[in-house]
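Chemist: Predicted model follows, preceded by the sequence.
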Amino acid sequence: MTNVAKAHQRIIREEIASNPPLSLFPDRPDVIDIKKAIIKEISFETAKKIILRYEWLGTMGTTQLHYGIYFNGHCAGVACYGYFQAMNRNGYNHPYEPYVGASYAEKGIQLSRGACVHWAHPHSASFLISGSLKRVKKLGYKYAIAFSDPEAGEIGTVYQATNWHYLGFGVRVHYDLYYKDGRLFMNNRDIAKKLRMAGKKVIEEYISDKPDLVIKKIKPKARYIYLLGNRRENKEMMSVLRDKIKPYIKR
C-alpha cells in the first residue's frame with residue numbers, strides 16, 4: 001500500500017469540470033459512448049493542446065507517435081510515445097537488456113505522456129492505451145515502458161487496469177530545472193546534453209546568474225512494462241523478465 005494522494009490529472013479534470021472556461025473544448029459531444037469511441041493517430045499539435053493543459057509534467061518531451069481517442073469527432077484524450085528516458089546501462093549494451101534480453105532490447109518504446117479531458121468517458125484512458133498499443137505493435141515494437149510519478153499522485157492505476165507488468169521503483173534521483181512559477185525549463189536529459197553532465201553542483205553553477213530558475217529534485221518513479229511481441233517473442237522476453245515483476249502497488 002502507498003499513501004499517494006489523488007492523482008494530479010484527476011484534480012485538474014475536476015477543477016475544469018466544475019468551472020469550465022468557455023474557450024476550452026466548447027464543442028464537446030452531447031453523447032459519449034465508449035462503445036463508439038475511435039482511436040486514431042493524431043498530430044503533435046493536437047496532442048500538445050491536451051497534454052499542456054492536463055498532464056503533470058506540462059511538456060511534450062521527446063514524443064514521436066501520438067494517438068487520440070475520439071467521440072463523435074471530438075478528441076477526448078491522447079497517448080504519446082517516444083524515446084526512452086535516460087537510464088544507467090549498468091554494464092549492458094542497452095538499459096532494458098536485463099528486462100527483455102539482448103535480442104529485443106532495441107525494439108522498445110516509451111509511453112511518455114498521456115491525458116484525458118474533463119468530459120471524457122471514465123474508461124477513456126484504458127481504452128486509449130489498449131488501442132494505441134495495438135497500433136504501436138503493428139509498427140514492429142516488441143515492448144513498451146511507462147512510468148507513474150508519486151509526486152503527481154500516480155500509482156499507475158491505468159497500467160494495472162490494462163495488464164502491464166509492474167517493475168518497482170527506480171533508484172536514481174536526478175534534478176530538473178523549473179521556472180519559479182512551476183513551469184519546466186529543462187529536464188535532466190536536456191541538462192546533461194547542454195552541460196555535458198547533470199550533477200547538482202554543475203546545475204547550481206549554471207543557474208547562479210539565472211534568478212528565475214530553481215532546481216527540483218526528482219525522486220524515482222514506478223516503472224511498468226507491456227510486452228508487444230507474438231507468442232514466441234513474449235515467451236522469450238518473459239523468461240528474462242519474470243523474476244523482476246513485482247506485485248502492484250495500491251493506494
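Modeler: Here it is on my side, so go on. Residues are numbered from 1 along each chain as shown.
Chemist: any idea how far stretch 222-240 is from the chain center?
Modeler: With CA atoms, centre = their mean, to the nearest Å as the basis, stretch 222-240 stands 19 Å off its chain's centre.
Chemist: For it, measure first residue to last.
Modeler: End-to-end distance for stretch 222-240: 19 Å, by CA to CA, to the nearest Å.
Chemist: for the protein, which spans come out with low pLDDT?
Modeler: Along the chain, segments meeting pLDDT under 70 span 1-27, 56-58, 85-90, 152, 171-172, 198.
Chemist: So which residue is smack in the middle of it?
Modeler: residue 112 (3.3 Å; CA atoms, centre = their mean).
Chemist: What lies in contact with the strand or helix carrying that residue?
Modeler: Element membership of residue 112 [criterion: DSSP states H and E] is strand 108-116. Here strand 108-116 makes contact (CB atoms under 8 Å, 6 or more residues apart in numbering) with 9, 13, 47, 50-51, 53-55, 57, 60-63, 65, 69, 76-85, 96, 100, 124-125, 128-129, 132, 136, 141-146. Any C-beta I mention is one placed from the backbone N, CA and C, and that applies to glycine too.
Chemist: In strands, which of these fall?
Modeler: Using DSSP state E, 63, 65, 69, 76-82, 143-146 are the members of these that sit in strands.
Chemist: In TSV, list these along with distance to residue 119 and neighbour count.
Modeler: Formatted as TSV, these follow (distance: CB to CB, whole Å; neighbours: other CB atoms under 10 Å):
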residue	distance to residue 119	neighbour count
63	23	22
65	25	20
69	12	28
76	7	26
77	10	25
78	14	26
79	18	30
80	20	27
81	24	24
82	27	17
143	33	25
144	27	22
145	30	23
146	24	22
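Chemist: Pull the most distant pair out of those.
Modeler: Farthest pair in the ones in strands among the contacts of strand 108-116 (CB to CB) is 76 and 143. Separation: 26.9 Å.
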